[in-house]
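[1] here is my input, please return the structure:
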Amino acid sequence: MPRLATAGPVARILDEIQRRPVRSLLIAAGTGYLAAGGLATTLTARLLGTSARIALRLAIVPVFVGAFERLLSAEEPITSDPSNSSNIHKEIQS
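    Down below sits the predicted model:
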């Protein structure tokens with residue numbers, strides 16, 4: 001699609017709609033939902049809750065997987081023996 005040659009905010013918005021129509025439609029739908037009072041509904045609370053759970057899983061699971069991999073690949077086993085605390089310090093520093 002040809003680019004608009006005119007300058008100005010309306011021309012930039014129209015150009016953005018031509019370049020990314022799906023994104024523009026989602027932005028317009030979200031704006032309409034908020035403008036119609038959809039922010040204080042049960043649906044919004046559920047969507048935000050589900051989104052937060054998914055985001056936490058995506059952020060936390062790799063951290064735990066990495067920690068478990070480091071524990072499993074440690075050269076010396078980590079023990080709770082106080083006389084062998086050097087292993088714990090090595091694991092914390094890595």
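[2] so where's this protein uncertain?
    The chain contains residues with pLDDT under 70 at 1-6, 75-94.
[3] in the protein, which residue is most central in space?
    Taking Cα atoms, centre = their mean, the centroid of the chain lies closest to residue 55, which sits 5.1 Å from it.
[4] which strand or helix spans that one?
    helix 42-72 (DSSP states H and E).
[5] and that helix, what does it pack against?
    Packed against helix 42-72, as judged by 3 or more Cβ pairs under 8 Å, 6 or more residues apart in numbering; DSSP states H and E, are no other helices or strands. Any C-beta I mention is one placed from the backbone N, CA and C, and that applies to glycine too.
[6] residues contacting residue 51?
    For residue 51, the contact set (Cβ atoms under 8 Å, 6 or more residues apart in numbering) is empty.
[7] so how far is residue 61 from the residue nearest to the centre of the chain?
    11 Å (Cβ to Cβ, to the nearest Å).
[8] ok, now residue 54?
    Where residue 61 is concerned, residue 54 sits at a distance of 11 Å (Cβ to Cβ).
[9] go on, residue 27?
    Note on residue 27: its distance to residue 61, by Cβ to Cβ, is 30 Å.
[10] give me the more crowded residue out of those two.
    Neighbours were counted for residue 27 and for residue 61 using other Cβ atoms under 10 Å; residue 27 has more, 13 against 10.
[11] helix or strand: which one has the more buried one?
    Short version, using DSSP H and E: residue 27 is in helix 21-35.
[12] got the contact list for that helix?
    So helix 21-35 is in contact with 16, 17, 39, going by Cβ under 8 Å, 6+ apart.
[13] mind listing what the last one touches?
    Listed by Cβ under 8 Å, 6+ apart, the contact set of residue 39 reads residue 33.
[14] let's go with 10 Å and repeat that
    Residues in contact with residue 39 (Cβ atoms under 10 Å, 6 or more residues apart in numbering) are 33, 45, 48.
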